[in-house]
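Undergrad: just the structure for this:
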Amino acid sequence: QAETLRRELSARGTHLTRADQQVLFSRKADVALPIASITKLMTALVVLDGKQPLDEVITIEAADRWKGKGAFSRLAIGAKLTRGDLMCLALMSSENRAAHVLGRAYPGGEAAFVKTMNLKARQLGMTRTAFADSSGLSSRNVASANDLSKLVIASSKSTTIREYSTCKSHTVRVGRQMLEYHNTNSLVSNPNWALTVQKTGYISEAG
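TA: Predicted coordinates:
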């Protein structure tokens, strides 16, 4: 069984732990690599640490639109969503615009948000981690596998993150439309998996 596990693990950084946080297997666990949308776990932690009200309504602004990879979004300019809805969409459906808006609406704006993300990483002992944006689209968002285990453990202590990241679907009103989003991780619908917290992520640099 252990040999099967080793064959299935990627050649990139891996770091597996038991519930008691004992390391079971690791490979290149201290090598920092792009982490893509796993970034959004830190985004949620920073919002919650800042005690920003989840029921506050935030308007999607023209400044939240950008071109390039990950730019497509069904959240139209002018749409109004609560901070809780934005966080839920960012975590369960990996909605990049939602994550960007969470950073932009932070006191001091996105620059202050990213600075706080990096400070939070240091507080968690994530010594091989750096953040450049709140969505994970930047390849400059990097962390080691060892550091990611610390991020996941911290995230799992939040009831809100556990609930939002593992919900199967979420519906929001955008103008006159009701838009339904689905979880990017099909394992949340598999009864054989009792997921506490999850986050998928992909950019080409992260592999």
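Undergrad: so which helix or strand of the protein has the lowest pLDDT on average?
TA: helix 2-8 (a mean of 53; mean pLDDT, DSSP states H and E).
Undergrad: and the residue nearest to residue 205 when sequence neighbours are not counted, what's its pLDDT?
TA: Leaving aside its sequence neighbours, residue 205 sits nearest to residue 139 (C-beta to C-beta, 6 or more residues apart in numbering; 3.9 Å). Yep, even glycine has a C-beta here, placed from its N, CA and C like the rest. Predicted confidence (pLDDT) for residue 139: 96.
Undergrad: just checking, residue 87 touches residue 163?
TA: No: the criterion here is C-beta atoms under 8 Å, and residue 87 misses it with residue 163 at 10.2 Å.
Undergrad: assumed the residue nearest to residue 205 was part of a helix.
TA: No: using DSSP: H, G, I helix; E, B strand; the rest coil, the assignment for residue 139 is coil, not a helix.
Undergrad: can you show me the strands along this protein?
TA: Taking DSSP state E as the test, the strands found in the chain are 14-17, 23-27, 33-34, 57-59, 80-82, 142-143, 169-174, 177-182.
Undergrad: mind listing the helices for the chain?
TA: In the chain, the helices defined using DSSP state H lie at 2-8, 39-49, 83-92, 96-104, 109-123, 145-156, 159-166.
Undergrad: how about the ones you listed in CSV, adding mean neighbour count?
TA: Below are those laid out as CSV (neighbours: other C-beta atoms under 10 Å):
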stretch, mean neighbour count
helix 2-8, 9
helix 39-49, 24
helix 83-92, 25
helix 96-104, 25
helix 109-123, 17
helix 145-156, 20
helix 159-166, 19
